[in-house]
Structures are given as structure tokens and as C-alpha cells.
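>>> Dropping the sequence and predicted coords here.
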Amino acid sequence: MDQKRLFAAIALSIGILLLFDLWSRPEREAQQARLEQQRTAQQAAPAPSAATPAAPASSAAAPGTTTGAAAATATTPEQRLAVENPTRVRGTVNLRGARFDDLVLKRYHETVDRNSPLVRLLAPRSDGHPYFTQWGWSAADGRTAVPGPDTDWTVEGGPLAPDSPVTLRWTNETGQEFRIRLEIDADYMITATQTVANRGTQAVELLPWTRIRRERTPQTAGFFILHEGFTGVLGGRLHEWTYADAKEEAQRRNGPAFEEETAGGWAGFSDKYWLTALTPADQSTRVRTAYRWVSELGQDRWQVDMTLPAAQAVAPGAEAAFATRTFAGAKEVNLLDAYEERYGILDFWKAIDFGWFWFLTKPFFAVLHFLGVTLGNFGVAILVFTLGLKLLFFPLQNKAYKSMARMKVLAPKMTEIRERYKDDPAKAQAEMMALYRSEKVNPASGCLPILIQIPVFFALYKVLFVTIEMRHAPFFGWIHDLSAPDPTNLFNLFGLLPFDPMQWSSLFHMPVWAILMGITMFLQFKLNPTPPDPIQAKIFAWMPLIFTFMLASFPAGLVIYWTWNNLLSISQQWYIMRLDRQRQVKAGTYTPPPKPAKAKK
């Protein structure tokens, strides 16, 4: 009866996995189709022109175009300002509306193929997924003409590059000159200083703002261990909102999903590997930040605003300024740490979702990154790192393995006690405990190595999953990306058969490294003492197979870690058991394990 229950439980578990896979498969296929459409649209769309503006830098706006909209004629082409630094980015700023809506990351490709397109972070409205940052003003006095989304700015200088700032200018018909001075560093940070010079005869009240806007809901990875959406540290606290939660809250409040006034801080949109975020240039400046959702023409629009808490009153002959920084690039750990230190941006590193166990995950990353750079291979770094952890926990695990070795020696006596008191479980349990005390054995000590490994496993999983440094990092042979699953598959004989078993179900993915992991896990369990409970023993016997299927689709780096850790554990455990057997032989207390009975003919 117990065996029937065990196999029924296993069959039920497998059935649940199959049903879940069938249920979620249409959504996964739809997501993959949307990703392919997005990539196709990005590759097909022509790159925005980096042409210089037609109007000279010194010219003012023509009469009749100084209304709030300052609209350009439909026949006038958009002019663009080229943006580039030597190794990190290239793109353009749209001078119509002062929108930074074209940014490509030079160091990152969409796939491991070096000939694949570069990652595009910001995109114009002509693209399928518009994503841009913009600078502007609102007229708090209700009468001053301010630059609008169709305003054509003139530019002084260019192209925008490190140590080569530019200034955008526009003047309304009542004498207020609006300027945006843009500076870019050698990495991913742009500083924008918005200035209003009032050369008119009346005081004006204006509210400068900067925003990041997404005019389509982006494709997300959809993993519960990874946050994607609105993110930021404001008022010393991390605020994270998924797109779904922000939409629900915005609808409930009929306004911003979140809004807060703080001194300094940062806020923006976080993708798995990319970040676009705003922060005041002076961290002592008080700003009002909001996460917004609106629906326009049936499309969800997402926006992060950063502005002053109150409008600036600018007297005739006076000027007022507001400076912000925009980060738009890859979430590289060391770079975010450097920006945090350089500009005093509080907890900027939290843009990377290291999770609740960040105090483990971040140090693990630091060690792995150092080893990876030093050794030239992040896969080798994982092996060396695992060996280091084994040495660090050696005394603790050594004690556990010694106890497990003693448990294995005591197995015949434990079997004898169970047989003797099979009709009296309470007496059998009492005799077992007496045996443990007399032999100074802790039956729970075998769980210690597993308990130690669990937080290490999850911390390493986080590092492989969320850090861009691990993205597209190769190992050896067929492993070209440690952050992606092993691409080989037993069910098509590792590529010999011309079909993809994954088209049936994700359960039909059994790569080489997962098989090696299962084998090493099986060997490790064979070295452990057999649990006294037969049902528990059968469950443990099935664990290697279950874990093999569970980890088959995990990042290859994680499966390599688990396999290598198993091999080290087997070596350590075998060595300790050998020493314990030699000690017993010398003491004359060694009892050879009983030989399995031969089957009767």
C-alpha cells in the first residue's frame, strides 16, 4: 500500500507538471512571438537621422510660433543631434520636443551571436515600442508660452560627446529664453541643466520637469524572482511597482500610482538588464517624483516624472535653473556603485534585483566577478568559487559527514532493532535513540550539508539570473551563455535527430549537464546512510531523477555549480568514510556491511 501511495504521488506530481506546461505554453509562445515581432520591427526600422538642425544656433523662433505648442509644420522634417561616446553608446536627440529617443548600447548584442543586432534601449515614436526621456516646462501662471512636444529647438555645439556639451535653445515671443544644456560622460549618464532667462517685462512662474516615457508595455521575463517595472529609492526606501500593480493603483486613485516629495533619490524603469532612471544633479534638491499610467488610443502609457515641488518665480532680468541626471544603459554592478559614490545617489545599486538575501548575493557576485576577470572565464570562476566555499565550510561539513559515516555503519543494528520491535514502534524508536546516544551520532546531521547549500544555491541563482556580467558569458564546449539553459537535449540524441522536443513540452528538455548533475547526485545519495523509514528511503532514491528534471531548464552555470559541488561532496564524504573504516579496523570494531542476498532460482 505504501509503495502504491509513493508511485501515485510521483505520477500526480508529473501530471501536474505536464498540465501546467500545457496551460502556460500558449502564453509562452505568444510572448516569444511578440519578442520576435519587436526584434523584427527594430531591425527593419531605419535608424533616426543624425542631421544637424536647419536653423542656425543664434536664430530665435519665428514670429507666430510662440504659442504653448510652438507647432512645426507637418512638412518640416525632424532634426536630430548626434550623441556618442567612444565605447558605450550611440544615438540621437530629437530636436523636435527635446526628446532623447534613440539610444543603442555598443557593448551588448541581442543574442550570443556577435553579428546579431546591438541592443536598442531608447526608441522614437516611429518605432513599435517608443521609449524616451524628455525635458520641458509647464506654465504655472497659465499665460507664459512654453516649449511643447512639437517645438523645434536650435542647438549650439554638437555632436554631444564626453567633454563636448551642447545647449538647446528656444525663445518665446514675450522674451523668455529656454535653454537645456546637455552633457554626457564616458558611460551612461547624461546631465541636463534646464534654465529660463526672463528677458521680458513681467515676472513668470514656470515648473521645470523631466520625464521618462514608455508608450507600450514592454515584454517582461515574467519570473517571480525578478522585478521589472517602476523602481527607485526615494526617501531612503526602495519602491518597486510592476506594470500590472501600477495600472491597478492608478485606476483606483484616478491619478499617479505613486507620488512622493523627497530630497534627492532616483526613480525610473528597470528591465532585467537595463535601466533608465532620473535623479537630481544635487542630491540635496527636493523633488517630486511620480509613477504614472494612462491609457491613450487603447494603449497603456507609462511615465516617471521628476519635477520641483513648486513653480519657480522668475523676475524680469533673472534666471532659474533645474538640473537632473538621466542614466540610460546597462545595470553593471561596479558602474552603479561608482555612480553612487561619485554623485551620492543613495542605494543606486538596488536597481539590480539582488533580492532579500542581497547580503549574500552581492558579495557572491563580487567574488565571482573578480575570479571571472582574473581567470578569463566565468565558468571556471564558478568552479573555483565552489571549491572555496567547500574549504570555508569544511570543518562544519566534516563533522556532518563523519556522523553520516557512523550512521551508515550502524545501519545493520538499526535494521535489527526495527525487525525486533516491528510490532511496537514506540519501543523501536526508544531503542534507536538509545543507540544514537551510545554511539554519539546525530541522525539529523546529514541534513546540514543540504541546509548550507540552499542559501548558496539561491544566491548564485540570483547572480546568474540578474547580473548582466553573466549574460552571454561562455564556459567551454557548447556552453556559450552561462545565464541560459544548456542547449543540448537527450530527447533528440543531442542534435542527431532533426527536431526540437521542446515543441511538445518544456519537460522534454534533458541536457548533458543536467544528466551529469543527476548522476553525481545519485552517487552522493548512495554514500549516505539509508533512511530507516522505507517510504523516506524510496523518496530519497527518486530525488536525483526529480532534481534532474527540475534543473534541466535552469541556467547552465547553476547546473555546473551543482554538479561540481556534488563531485566535491562525494570526494569529501568518501575520504571521511574511508578514514572512519580504517579507525574501526584498528580498534577491532569494524563490522562489514551485509552482502545482498542472492535471488533464489
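Yes, it's here.
>>> check which helix or strand covers residue 383.
helix 378-392 (DSSP states H and E).
>>> Would you mark the buried spots in that helix?
Residues of helix 378-392 classed as buried under the neighbour-count rule (16 or more other Cβ atoms under 10 Å) are 378, 379, 381, 382, 383, 384, 385, 386, 389, 390. All C-beta spots, glycine's among them, are computed from the backbone N, C-alpha and C.
>>> how about those in a markdown table, adding pLDDT and distance to residue 181?
As requested, these are exported to a markdown table (pLDDT from 0 to 100; distance: Cβ to Cβ, whole Å):
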| residue | pLDDT | distance to residue 181 |
| --- | --- | --- |
| 378 | 90 | 41 |
| 379 | 91 | 46 |
| 381 | 93 | 43 |
| 382 | 91 | 46 |
| 383 | 93 | 50 |
| 384 | 94 | 48 |
| 385 | 91 | 46 |
| 386 | 88 | 50 |
| 389 | 85 | 50 |
| 390 | 83 | 55 |
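>>> how far away is the most centrally placed residue in the chain from residue 271?
With distances taken as Cα atoms, centre = their mean, the residue of the chain nearest its centroid is residue 466 (3.0 Å). According to Cβ to Cβ, to the nearest Å, residue 466 stands 11 Å off from residue 271.
>>> got it, and residue 398?
Distance from residue 398 to residue 271, counting by Cβ to Cβ: 44 Å.
>>> Same drill for these two, tell me which one is more crowded.
Comparing residue 398 with residue 271 by other Cβ atoms under 10 Å, the one with more neighbours is residue 271, at 18 against 14.
>>> Touching, that one and residue 228? I think so.
Yes - Residue 271 lies in contact with residue 228 (Cβ atoms under 8 Å); the separation is 5.7 Å.
>>> Now the common contact residues for the two.
Common contact partners of residue 271 and residue 228 (Cβ atoms under 8 Å, 6 or more residues apart in numbering): 218, 220.
>>> Residue 94 and residue 273, how far apart?
25 Å.
>>> and this structure, what are its domains?
As recorded under automatic domain parsing, the domains making up the chain are 135-146+161-353, 362-587.
>>> So which bits of the helix or strand containing residue 191 are buried?
Assigned by DSSP H and E, residue 191 belongs to strand 189-198. For strand 189-198, the neighbour count (16+ other Cβ under 10 Å) marks 189, 190, 191, 192, 193, 194, 195, 196, 197, 198 as buried.
>>> and residue 82, which of the three is it?
strand (DSSP: H, G, I helix; E, B strand; the rest coil).
>>> Give me the distance between the two termini of stretch 256-272.
24 Å (Cα to Cα, to the nearest Å).
>>> Over to stretch 389-396?
Using Cα to Cα, one end of stretch 389-396 lies 12 Å from the other.
>>> Could you number the chain from 56 rather than 1 from now on?
That works, and once the first residue is 56, the last one we named lands at stretch 444-451.
>>> can I assume residue 389 sits in a helix?
Yes - checked against three-state DSSP, residue 389 lies within a helix.
>>> pLDDT weak spots in the stretch 106-255 of the chain?
Filtered on pLDDT under 70, the stretch 106-255 of the chain yields the residue ranges 106-130.
>>> now the strands: where do they sit in it?
Here the stretch 106-255 of the chain has its strands, by DSSP state E, counting those that start in this stretch, at 135-139, 144-149, 154-164, 173-177, 186-194, 209-211, 221-226, 231-239, 244-253.
>>> Can you list phi and psi of residue 288 for me?
phi -110, psi 110 (degrees, to the nearest 10).
>>> how near is it to residue 344?
10 Å.
>>> Common neighbours of those two, please.
Taking Cβ under 8 Å, 6+ apart as the criterion, residue 288 and residue 344 both touch 320, 322.
>>> which of the residues in stretch 414-421 are buried?
415, 416, 417, 419, 420.
>>> now that stretch: how far from the chain's centre is it?
Relative to its chain's centre, stretch 414-421 lies at 14 Å (Cα atoms, centre = their mean, to the nearest Å).
>>> Over to stretch 184-196?
Once both centres are worked out by Cα atoms, centre = their mean, stretch 184-196 turns out to sit 28 Å from its chain's centre.
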